[in-house]
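Visitor: output the structure for:
(chains A and B)
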Amino acid sequence: MSTTKQIKAWFLIHKWTSLICTAFLLMLCLTGLPLIFHEEIEHLEGKAPLAQVLPAGTPQVPLEKLAEKARQHYPNKVIRYTYWDEHEPNTTTFTLSDSITSPADDYTLLILDSRTAQVLEEPAVKEGFMYIMLQLHVDMFLGLGGKLFLGLMGLLFFVAILSGLMLYSPIMRRFDFGMIRTEKSTRLKWLDMHNMLGVVTVIWASVVGLTGVVNTLAEVVLGFWQQGQLAEMVAPYKNEAPLTGRLSPLDKAMQVALRTAPDMSPSFIAYPGTPYSSQHHYAVFMKGNTPLTERLVKPVLIDAKTGALTDVRTMPWYVNAFFLSQPLHFGDYGGLPLKIIWAFFDLIMIVILISGFYLWFARYKATQAQLARTLSKRDGAVDEQEILSLNLEKTSAHEA
Amino acid sequence: MKREFWHIWTIPLVLNVLGLIGLIAALVGNDGWDILSWISLGIPLVVTAWYLTKPRPSRTRPAGSTGRRA
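Guide: Modelled structure (predicted):
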């Protein structure tokens, strides 16, 4: 019968995609759990808001002065980025590296009070529990290769979800939602739980899984943008001599950016020569002010020598898609209750993964035993009965 | 056939549509939108918990009769 064949095909797809990705997905769920609450955990570790309370309206120190302070603090390093952490009001953070062309993972953070230019913190970003969790989750300490590999696992996970969904209706044909056969066998009980938990989490797991895959493409997205839009924006500077001497002050770049995008606020500035800018520009990335648009940035390119505006554009769709996919993966866009919901779904995923593996293992053992017993029997008879441990034939026989 | 489809899929479909609404709502706005998202994503969790903790027979009975109660 063709439906039996289809079910068998979906079953095989479900089995193999799951078997390959389960161990990695389990690792991702386990490391992802503390990462959901990274802000709260950092607060628990005793980190009060960094900047002291000063009278409202205390003026800000010019950016260039803050940058000067950062350079004094690290005389042998160069600033590559400046950004504003929305969770730490009144602070400005500088990212410094040994050279402007250093690898992306060579950086030191320096957080300054925007009003006093006081050094507030030099966070140790590459140590501690949360760092290990994050690195395992992102690329298993294996760099770009590890990251893309996890992306592939995410795709397999999505195929496993879809094929699992295809198996749901043949199993549930005779039952009501939420049916769990506790009275027959441990295997059947876990099969029913696996199915119920799986079917109610389809959307959440698909969205978090696929946005996770999108996140693994960060370098790819950046590369496309550099080759495409960024290259177009700075095309007139293609044959210019390298920058020498003093650069135009950061504050001027900021003023131009604020004037160019008056309804937006600064997210970060990339210095000339960094991957997010050209050899000749400050790139001020402006973000929107509504919950939806604050994820979408607009690059304002400013000539680093003259301080004049070169170009401003809206990011291409694939960059916007990348930024919009981040909150949907992190679950950090709806306050603490949303994070708690994320954690519950994550825990359900862990149960689904472990029970799925258990079901495979228990079935494998049972099949081996049955094969040994029925070697002389027709092959087809074993196959049909074994699909999914459905026991449909048996059940209907009992009913009749 | 049609009745069978809805018999199987009504609850999963409702729970997943609620989930989708919840995932999008918190992206759209703050405050009210956040609360909408907590509720609509919370319902699938509560329903799941209810079905998981619901008392079940532990003795052997014909599967059809336990499965049929609503």
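Visitor: give me the buried positions along stretch A:58-74.
Guide: By 16 or more other CB atoms under 10 Å in any protein chain shown, the buried positions in stretch A:58-74 come out as A:61, A:63-64, A:66-67, A:69-71, A:74. Yep, even glycine has a C-beta here, placed from its N, CA and C like the rest.
Visitor: next one: stretch A:306-321
Guide: Using 16+ other CB under 10 Å as the test for burial, stretch A:306-321 gives A:307, A:309-312, A:315, A:319.
Visitor: so which of the buried residues of stretch A:58-74 belong to helices?
Guide: Cross-referencing those against helices under DSSP state H gives A:63-64, A:66-67, A:69-71.
Visitor: and those, which two are the farthest apart?
Guide: Distances among these were taken as CB to CB; the most separated pair is A:63 and A:71, at 12.6 Å.
Visitor: could you list the low-pLDDT ranges of chain B?
Guide: Residue ranges of chain B with pLDDT under 70: B:1, B:58-70.
Visitor: which residues in it form helices?
Guide: Under DSSP H, chain B gives helices at B:2-28, B:32-53, B:63-68.
Visitor: what sits up against the second one?
Guide: Counting contacts by CB atoms under 8 Å, 6 or more residues apart in numbering or on different chains, the residues outside helix B:32-53 that touch it are A:177-178, A:180, A:193, A:196-197, A:200-201, A:204, A:291, A:334-335, A:337-338, A:341, A:344-345, A:348, B:11, B:15-16, B:18-19, B:21-26.
Visitor: so which bits of the helix or strand hosting residue A:214 are buried?
Guide: Following DSSP states H and E, one finds residue A:214 within helix A:202-215. Neighbour-count burial for helix A:202-215, with 16+ other CB under 10 Å as criterion, is recorded at A:202-215.
Visitor: same check, this time on stretch A:43-63
Guide: Of the residues in stretch A:43-63, those buried (16+ other CB under 10 Å) are A:50-51, A:61, A:63.
Visitor: run a quick neighbour tally on the residue in the stretch 301-400 of chain A that chain B sits nearest to.
Guide: Distances between the stretch 301-400 of chain A and chain B by CB to the nearest CB are smallest at residue A:334, namely 3.2 Å. When counting by other CB atoms under 10 Å in any protein chain shown, one arrives at 26 neighbours for residue A:334.
Visitor: contacts only, for it.
Guide: Contacts here follow CB under 8 Å, 6+ apart; on that basis residue A:334 touches B:25-26, B:33-34, B:37-38.
Visitor: against residue B:9, how distant is residue A:282?
Guide: According to CB to CB, to the nearest Å, residue A:282 stands 55 Å off from residue B:9.
Visitor: of those two, who's got more company?
Guide: Counted by other CB under 10 Å, residue A:282 and residue B:9 do not tie: residue A:282 has more neighbours, with 28 against 16.
Visitor: check which helices and strands the stretch of helix or strand that one belongs to sits against.
Guide: Assigned by DSSP H and E, residue A:282 belongs to strand A:281-287. Helices and strands touching strand A:281-287, by 3 or more CB pairs under 8 Å, 6 or more residues apart in numbering or on different chains; DSSP states H and E, are helix A:250-260, strand A:265-270, strand A:297-303.
Visitor: pick the most deeply packed of those.
Guide: strand A:297-303 (a mean of 24; mean count of other CB atoms under 10 Å in any protein chain shown).
Visitor: contacts for that one next, please.
Guide: A:229-230, A:233-234, A:248, A:252-253, A:256-257, A:260-261, A:264, A:267, A:276-278, A:280-287, A:308-315, A:323.
Visitor: what of stretch A:199-214?
Guide: Residues outside stretch A:199-214 that contact it (CB under 8 Å, 6+ apart): A:28, A:150-151, A:154-155, A:157-158, A:161, A:165, A:168, A:321-322, A:325-326, A:328-329, A:331, A:345, A:348-349, A:352, B:12, B:15-17, B:19-20, B:23, B:41, B:44, B:47-48.
Visitor: ok, now stretch A:50-68?
Guide: For stretch A:50-68, using CB under 8 Å, 6+ apart, the contacting residues are A:79, A:82, A:88-92, A:94, A:111-117, A:120-121, A:249-251, A:254.
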